[in-house]
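Peer 1: Predicted structure and sequence below. I'll ask about it afterward.
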Amino acid sequence: MKRNYVLAGLVILLVAVTLYFVSYLGSSSNVISGQAYLSPGESTQVSFDFSEAVISYSDGRALPLSVSVDNGQIVSTAGPFNGFYAVIIMGSHEVATITNNYTFPLSVKYALVNAGTSTLVYGAMSLLSVVLGGRRNRIGGAGSS
């Protein structure tokens, strides 16, 4: 009887680990991140091919920067949230441009995330793997009788 619980726990743990790695690889392929030092008036460009995307950036001073998109449209801009701004973009084959519109240099960190359904699926898989991994400890973990 105890052996069946241990085998069931190991199977659930294997499924959880597999789901975790698949979700990690899938979600990391949907993120573009970088950092740029921008002089006054200088800009950096990020090319991507997501139909829906969210670009989040921080300049260390919580100042809104100029963000423009070629071949797409900006749906919404929000922020600051703990020093980060978020811009929702729609279109395809886009090029996002972040421009320093201030008179002093800034160091900008940015991340562009695919906001399509694949990211939601990978996120759900990651959550499921955590739940299944935690379930293993209750089924076949040490101290069960």
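Peer 2: Sure, I can see it. In this text, all values refer to a predicted model and were calculated from it rather than measured experimentally.
Peer 1: Could you use CA atoms for every contact and neighbour count after this?
Peer 2: Noted.
Peer 1: Helix or strand next in line after the helix or strand harbouring Tyr37, which one?
Peer 2: Using DSSP states H and E, Tyr37 maps to strand 31-38. Note on strand 31-38: by DSSP H and E, the next helix or strand toward the C-terminus is strand 43-48.
Peer 1: Confirm that Ile12 sits in a strand.
Peer 2: No. Counting by DSSP: H, G, I helix; E, B strand; the rest coil, Ile12 falls outside a strand, being helix.
Peer 1: Please read off the pLDDT at Tyr37 from the model.
Peer 2: Looking at Tyr37, its pLDDT stands at 92.
Peer 1: just to revisit the earlier point, list the strands paired with the strand holding Tyr37, with their directions.
Peer 2: strand 106-114 (antiparallel) (DSSP bridges).
Peer 1: How about residues contacting the strand it pairs with?
Peer 2: The contact list for strand 106-114 (CA atoms under 8 Å, 6 or more residues apart in numbering) reads 30-40, 50-60, 100.
Peer 1: Only the buried subset of the residues you listed, as a ChimeraX command please.
Peer 2: Those of the contacts of strand 106-114 that count as buried under 16 or more other CA atoms under 10 Å are selected in ChimeraX with:
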select :30,31,38,39,50,52,53,54,55,56,57,58,59,100
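Peer 1: what angle separates the strand holding Tyr37 from strand 43-48?
Peer 2: 170 degrees (axes from the mean of the first three to the mean of the last three CA atoms, to 10 degrees).
Peer 1: quick one: strand 31-38 to chain centroid distance?
Peer 2: 14 Å (CA atoms, centre = their mean, to the nearest Å).
Peer 1: before we move on, what about stretch 31-42?
Peer 2: Per CA atoms, centre = their mean, the centroid offset for stretch 31-42 relative to its chain is 18 Å.
Peer 1: what comes into contact with the strand holding Tyr37?
Peer 2: Everything outside strand 31-38 that qualifies as a contact, by CA under 8 Å, 6+ apart, is 44, 99-100, 105-114.
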